[in-house]
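> curious how this folds, go ahead:
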Amino acid sequence: MITAALPLTALIAALAALAFILDRNVPWLSKLGASLLTLIFGAVVSNAGLVPATSPVYDAIAGPVTSLAIAWLLLSVNLGAIKKNGTNMESAFGLAVFGIALGAFLGAILFASGLGENGWRLAGIFTGTYTGGSVNFVALGRGLELPDDMWAGATAADALTTGIWMAATLLLPIWLVKLYPAVPEELTKLDETRGSAAANHPFFAPSALSALDLSVLVAAGLLLLTAADLTARLVPAVPSILWLTTYALILGHTRWFHRAEGALQLGTMVLHLFFVVIGIWSRVSEIASVGLVVFYFTLVVVGVQAVVVYGGGRLLRMDLGTLSVASQASVGGPASALAVAVAREWPGLVLPGIIMGLFGYAVGTYLGFGVAYLVRAVTIGL
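Coordinates of the predicted model:
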């Protein structure tokens, strides 16, 4: 078993790099995408007993390292571009987020007796993680003070359900194709100005990045973390992650950072290290240790979201491509939305999917806290 910090860190980095390499060079694996591959790799080495269940390395990656990823990804969010890149995607994402919040509320009521005091916490955490991605899980887990004995099992359940839904959004467009309008032709064409599938893929598209750009991004990220921490000490009622989200969005819309070259790449790379850790935490034994009720809770949240997205989308006559990418942007975040768009050969949905996924990062934490405290108020006495 690999337990020493340096080789364990090297293994995590190597697994993330391998996921990108396979995504880039092996066509059938690219249909899974780097995000799902990192989760799978992490789960395999963990359940095979090659790495420990807990480690300070995981804590560092899930803590300050992932906070840096949050800061960089939020710097790359352009809220003004959301409207520019398609009302249909906005509507589909809105359906997904509504479905997630509704599913979390119903799940918390349904499983109130089995979850006890942690029910409202998990409702907020699952609302956040399935609105933007696993980054929000960490943010809300810290802010809502999820107990350590519940953390690993909830993380494992979240990771497993995220993987299941990734597979579902890859397959549903094939199974349900006759029930929905065709994906518009303009969404199935490559951006000819960029020349190739690789150039249309944000993970692999070349980006001019100087040492100055990198140094500014690193400094900005660390300063944002420092500012958020200091503010949280002055206003302890508001978790530091909310301050980080707010400050990063503000800075990202200033004239100095409105393009933030390299922020998406840096944030994505670091986020995939975290995906490996999420996979490592996805131990079947951990889910069993907290009871299957937590896993069932995640299935209810994502299941209600599926009914709302695909049911509402059919009533609104929206195409399967937009619905599937928007749903995955919500449940898995921008990276997995990208994976679905690329795997199903909808290049026109790559950028809108990423934008909505990043928007999910921005609003997921706020929404998660709102749902958590609403559920706590409603379930008192249940």
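
> can you list the buried residues in whichever helix or strand Thr226 is part of?
In this assignment (DSSP states H and E), Thr226 forms part of helix 211-234. By neighbour count on 16 or more other C-beta atoms under 10 Å, the buried set for helix 211-234 is 213, 216-217, 220-221, 224-225, 227-228, 231-232. C-beta here means a position set from N, CA and C on the backbone, and glycine is covered the same way.

> which pair in these has the greatest spatial separation?
Using C-beta to C-beta, the pair of these lying farthest apart is Asp213 and Ala232, separated by 28.7 Å.

> tell me which helix or strand comes right after the helix-or-strand element of the chain with minimal mean pLDDT.
Lowest by mean pLDDT, DSSP states H and E among the helices and strands of the chain is helix 79-84, with a mean of 57. Where DSSP H and E defines the elements, the next helix or strand beyond helix 79-84 is helix 87-110.

> what's the average pLDDT for that following helix?
Averaging pLDDT along helix 87-110 yields 92.

> next one: the next helix or strand after that helix to chain centre, how far?
Using DSSP H and E, the helix or strand that follows helix 87-110 towards the C-terminus is helix 112-115. Relative to its parent chain, helix 112-115 has a centroid offset of 26 Å by C-alpha atoms, centre = their mean, to the nearest Å.

> go on, stretch 22-41?
Mean C-alpha position of stretch 22-41 versus that of the full chain (C-alpha atoms, centre = their mean) differs by 16 Å.

> same question for stretch 165-179.
20 Å.

> in that stretch, what counts as buried?
Quick answer for stretch 165-179 (16+ other C-beta under 10 Å): 165-166, 168-170, 172-173.

> stretch 132-151 now?
Buried, per 16+ other C-beta under 10 Å, within stretch 132-151: 132-144, 146, 150-151.

> okay, it in PDB with CA atoms only?
Extracted C-alpha coordinates of stretch 132-151, given in PDB (Å, rounded to 0.1, in the frame of the first residue of the first chain):
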ATOM      1  CA  GLY A 132     -22.300  22.800  -9.800                       C
ATOM      2  CA  GLY A 133     -20.100  19.800  -9.000                       C
ATOM      3  CA  SER A 134     -18.000  18.100  -6.400                       C
ATOM      4  CA  VAL A 135     -16.200  21.400  -5.500                       C
ATOM      5  CA  ASN A 136     -19.500  22.600  -4.000                       C
ATOM      6  CA  PHE A 137     -19.700  19.400  -1.900                       C
ATOM      7  CA  VAL A 138     -16.400  20.300  -0.200                       C
ATOM      8  CA  ALA A 139     -17.500  24.000   0.300                       C
ATOM      9  CA  LEU A 140     -20.900  23.000   1.800                       C
ATOM     10  CA  GLY A 141     -19.500  20.100   3.800                       C
ATOM     11  CA  ARG A 142     -17.100  22.500   5.500                       C
ATOM     12  CA  GLY A 143     -19.700  25.300   5.900                       C
ATOM     13  CA  LEU A 144     -22.400  23.000   7.300                       C
ATOM     14  CA  GLU A 145     -20.000  21.100   9.500                       C
ATOM     15  CA  LEU A 146     -20.800  17.600   8.300                       C
ATOM     16  CA  PRO A 147     -19.400  15.100  10.800                       C
ATOM     17  CA  ASP A 148     -16.300  13.200   9.900                       C
ATOM     18  CA  ASP A 149     -18.100   9.800  10.200                       C
ATOM     19  CA  MET A 150     -20.600  10.900   7.600                       C
ATOM     20  CA  TRP A 151     -18.200  12.600   5.300                       C
END
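
> give me the mean pLDDT for that stretch.
On average, stretch 132-151 scores 77.

> so Val331 sits right up against Gly163, yeah?
No: the criterion here is C-beta atoms under 8 Å, and Val331 misses it with Gly163 at 10.4 Å.
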